[in-house]
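*Asks:* make a model of this:
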Amino acid sequence: IGCGRSSVPTDLSAYSISNAVDDLELLLKKLNVRRFHLYGQSYGGILAFEYCKRVAERKGDTNNEEECCCLSVILSSTPTSVALVETEVHRLLDELKKDDEETTTTTNEEEGTEEDDTKALWERFRIQHQVQTPEMPLPLVDAYAQAGTIWRGTAAIPDYVASPPTE
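*Replies:* Purely as a prediction, here's the structure:
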């Protein structure tokens, strides 16, 4: 919902991890998927984890005989704590800025705008800590272009912390 090329709801309360897991369950049911492997990357990994947690919490419910069977789960670049991710990103950015200050001596003619400096910093961050290729691969460029606005970054889920299933 609100990601990729899907429509964007006017009610922002529709954006929640719980609602997204509901959507996943409805999709699996509608497509009559009984057995599957689940891959989740970044926010999708949070959804995959929360889906599996929900299923685990329902295991004792005898009314769920038609439950889907997730055969395996892969979580890729999935945060367990959004606050921890934010803290670490800021720490790594500060290190890059410090490296710039130690190695760069520029004249006024070489200085760019603050916006240029910020873009250059994020590009260095990307190359060093995310996609370590000189150019961003085109499928990723397209994916980011279609990411929408609500789910870009962590603003929609700032308090998320993964927790084990309840017993």
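
*Asks:* which element follows the longest helix along the chain toward the C-terminus?
*Replies:* Longest helix in the chain, counting residues (DSSP state H): helix 82-103. Following helix 82-103 in sequence order, the next helix or strand is helix 114-129 (DSSP states H and E).

*Asks:* also compute the angle for that next one relative to helix 82-103, please.
*Replies:* If you take axes from the mean of the first three to the mean of the last three C-alpha atoms, to 10 degrees, helix 114-129 sits at 110 degrees to helix 82-103.

*Asks:* what's helix 114-129 packed up against?
*Replies:* helix 82-103 (3 or more C-beta pairs under 8 Å, 6 or more residues apart in numbering; DSSP states H and E). Heads up, the C-betas are built off the backbone N, CA and C, glycines and all.

*Asks:* buried residues, the helix it packs on. List them.
*Replies:* Neighbour-count burial for helix 82-103 flags 82, 85, 93, 96 (criterion: 16 or more other C-beta atoms under 10 Å).

*Asks:* so what's the last one closest to, chain neighbours aside?
*Replies:* Right, L96. Once flanking residues are discounted, L96 sits nearest to R124: 5.5 Å by C-beta to C-beta, 6 or more residues apart in numbering.

*Asks:* count the residues that sit near that neighbour.
*Replies:* For R124, the neighbour count with other C-beta atoms under 10 Å is 15.

*Asks:* so it touches K97, yeah?
*Replies:* No - counting by C-beta atoms under 8 Å, R124 stays clear of K97, with 9.8 Å between them.

*Asks:* hang on, the earlier thing: gap between the longest helix of the chain and the chain center?
*Replies:* Distance of helix 82-103 from the chain centroid (C-alpha atoms, centre = their mean, to the nearest Å) equals 19 Å.
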